[in-house]
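Visitor: Coordinates only, no sequence provided:
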């Protein structure tokens, strides 16, 4: 670990610890995080529960593809969510998938492709593919959630608002 990156990891910063550790273990130009085609190799956070349910965490504003800054700050992107979803779908031990969403939405580009992939996978897991909103599931995030078999929300959850397009 380089002395500058070591200093980052062992300092108090406004950055998630896992992101700081990833930064510390990487090369400065980010090549370790990149696939051979140059695309960033980032996957959304997944929790595997003891009952064989995979929980894919979708948090914050969503964007199309991962880049250096989304890798550092842990923002979710459609390709990072897709990577986690592909991993869960391909794992025969995973009996169900929950998208745990807390997002105001995000970029239009890429959301329809991921929503279609989720929709087409419906019925592939015995316990289903569902979405849960503990906070917000709005706009593009609701588009993703609506592709699941069911949507659940907390009493104070906020849902809806698909189709807002703004230009200046």
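Guide: Everything's here; your move. Source: prediction; values computed, not measured.
Visitor: what does stretch 152-161 contact?
Guide: For stretch 152-161, contacts defined as CB atoms under 8 Å, 6 or more residues apart in numbering pick out 105, 130-139, 142, 145, 151. Where you see a C-beta, it was placed from the backbone N, CA and C, and this is true even at glycine.
Visitor: filter those to the buried ones?
Guide: 105, 130-133, 135-139, 142, 145, 151 (16 or more other CB atoms under 10 Å).
Visitor: mind listing which of the contacts of stretch 152-161 are in strands?
Guide: The strands, defined by DSSP state E, take in 130, 131, 132, 133, 134, 135, 136, 137, 138, 151 from the contacts of stretch 152-161.
Visitor: and which of the contacts of stretch 152-161 is nearest residue 91?
Guide: Nearest to residue 91 among the contacts of stretch 152-161 is residue 130, at 16.9 Å by CB to CB.
Visitor: Quickly list what that closest one is bridged to.
Guide: When bridges are called by DSSP bridges, residue 130 pairs up with residue 98, residue 150.
Visitor: Next, the angle strand 129-138 makes with the top helix by length along the chain.
Guide: Longest helix of the chain, by residue count under DSSP state H: helix 78-90. Inter-element angle recorded for helix 78-90 and strand 129-138: 160 degrees (by axes from the mean of the first three to the mean of the last three CA atoms, to 10 degrees).
Visitor: what's next to helix 78-90, contact-wise?
Guide: 39-40, 42-46, 54, 56, 58, 62-66, 70, 94, 97, 107, 110-111, 113-114, 117-118, 121, 124-125, 144.
Visitor: Which among the residues you listed count as buried?
Guide: 40, 42-46, 54, 56, 58, 62-64, 66, 70, 94, 97, 110-111, 114, 117-118, 121, 125, 144.
Visitor: Of the contacts of stretch 152-161, which one scores lowest on pLDDT?
Guide: The weakest per-residue confidence within the contacts of stretch 152-161 falls on residue 134 (85).
Visitor: how close does it get to residue 83?
Guide: 22 Å (CB to CB, to the nearest Å).
Visitor: low-confidence ranges in the chain?
Guide: Along the chain, segments meeting pLDDT under 70 span 1-42, 68-74, 162-168.
Visitor: With adjacent residues omitted, what lies nearest to residue 125?
Guide: In this structure, residue 125 finds its nearest non-sequential neighbour in residue 96, 5.1 Å apart by CB to CB, 6 or more residues apart in numbering.
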